[in-house]
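**Student:** Starting from these lines, generate the structure:
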Amino acid sequence: MSKTTKTVWAAGAVLWRPTRDGVEICLVHRPRYDDWTLPKGKIDDGETLVSTAVREIREETGQLSRLGRHLMDVGYQIPSGYKRVRYWSARALGGDFTANHEVDDLRWLDPAAAAGLLSYGLDRKVLKEFERLPADVHTLLLVRHARAGRRTRYKGDDRLRPLDKFGRAQARDLSTLLDAFGAERLHSADRVRCEQTLAPAAEKLGVAIVPETALSEEAYRANSDAAHRRIREIATDTSAIHAVCSQGKVIPPLMQWWAHEDDLTLPVKRNRKGSVWVLSTSNGRLLAADHIDSPLPHTDRQG
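**Tutor:** Numbering: from 1, shown residues only. Coordinates of the predicted model:
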């Protein structure tokens, strides 16, 4: 693809709901193209791809949803350049479909029937990746705290170092991102910058942030085994979706340990401030790990 080719970004999902025998997949019919496809749509100005996926699901199917693991990105040529679509697994949470000029029909089908009805091979490829793991894996969100200026420029107890202006903006947008993945309970290393990173989400949810003394840098350096046990405990609690905020010298080694323990290859990613690991687990075992570099618009459009 030429460097001058315009890339049009979009996002969508394999939207699913549980049945007694497994799951059903939602497909939509677009009269303009007379095709059956997965719900998706182009990104709007000021949106992240995560927000686009949630919005497009609601607009095309009427369903509220909760995102899960990242499935894949697909790309193809369009008349105006190149289109790239990021897909997640998304659990349907309820809603009512209303036919419109963009989508005039909707069907819930078992995966085999859905694969047979889909009009495009790329959609079938996305559906196949969805089927690779159980649909009802549990999600854990592991967050690196937002930007808090430089340690060397802060005078005072570093445990009290607060977020800077940019970090506060990251925290506000992080609240929206965590909401898209259904975060319900919040945990933080006992550092002000970690607590402030989750504060907008805590306010929106109306919950307290649980302090996690084992997940600070100093505690991890002194006793990494305790931190490993604690993150497994949180991951095993499926009564809620948890978001955990920690520090830059905790998250990479913790993730490397966990991936090694559960025989998972991690994507190569930078440990940016405000970034999020979206972890898919089963009984505390790590099955998939997806990384979002930033909660801010215009910063998440990389592979």
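
**Student:** Gln170 falls within a strand, correct?
**Tutor:** No: the assignment for Gln170, made by DSSP: H, G, I helix; E, B strand; the rest coil, is helix rather than a strand.

**Student:** Bridged to the closest residue to Gly182 other than its chain neighbours, which residues?
**Tutor:** Spatial nearest neighbour of Gly182, chain neighbours left out: Arg66 (4.0 Å); criterion: CB to CB, 6 or more residues apart in numbering. In this view, the C-beta of every residue, glycine as well, is placed from N, C-alpha and C. Beta bridges link Arg66 to Arg91 when assigned by DSSP bridges.

**Student:** One more: the one 4 residues further on?
**Tutor:** For His70, the beta-bridge partners are Trp88 (DSSP bridges).

**Student:** That one reaches Ser280, doesn't it?
**Tutor:** No: between His70 and Ser280 there is no contact under CB atoms under 8 Å: 9.4 Å.

**Student:** can you list residues touching both of the two?
**Tutor:** By CB atoms under 8 Å, 6 or more residues apart in numbering, His70 and Ser280 have these common neighbours: Asp290.

**Student:** Show me where the stretch 151-300 of the chain has its strands.
**Tutor:** 185-189, 209-212, 242-246, 276-282, 285-292 (DSSP state E, counting those that start in this stretch).

**Student:** Is it possible to get JSON lines of those that adds distance to Leu109, mean pLDDT and mean neighbour count?
**Tutor:** Shown next, in JSON lines, are the strands of the stretch 151-300 of the chain (distance: least, CB to CB, whole Å; pLDDT from 0 to 100; neighbours: other CB atoms under 10 Å):
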{"stretch": "strand 185-189", "distance to Leu109": "34", "mean pLDDT": "98", "mean neighbour count": "23"}
{"stretch": "strand 209-212", "distance to Leu109": "40", "mean pLDDT": "98", "mean neighbour count": "17"}
{"stretch": "strand 242-246", "distance to Leu109": "32", "mean pLDDT": "98", "mean neighbour count": "28"}
{"stretch": "strand 276-282", "distance to Leu109": "23", "mean pLDDT": "98", "mean neighbour count": "22"}
{"stretch": "strand 285-292", "distance to Leu109": "24", "mean pLDDT": "97", "mean neighbour count": "20"}
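
**Student:** Distance to Ala115 added to those strands, as TSV?
**Tutor:** Shown next, in TSV, are the strands of the stretch 151-300 of the chain (distance: least, CB to CB, whole Å):
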stretch	distance to Ala115
strand 185-189	36
strand 209-212	42
strand 242-246	33
strand 276-282	22
strand 285-292	21
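
**Student:** Tell me which of the ones you listed lies nearest to Lys40.
**Tutor:** Ranking the strands of the stretch 151-300 of the chain by proximity to Lys40 (CB to CB) places strand 285-292 first, at 17.7 Å.

**Student:** what are the pairing partners of that closest one, and which direction each?
**Tutor:** For strand 285-292, pairing defined by DSSP bridges yields strand 276-282 (antiparallel).
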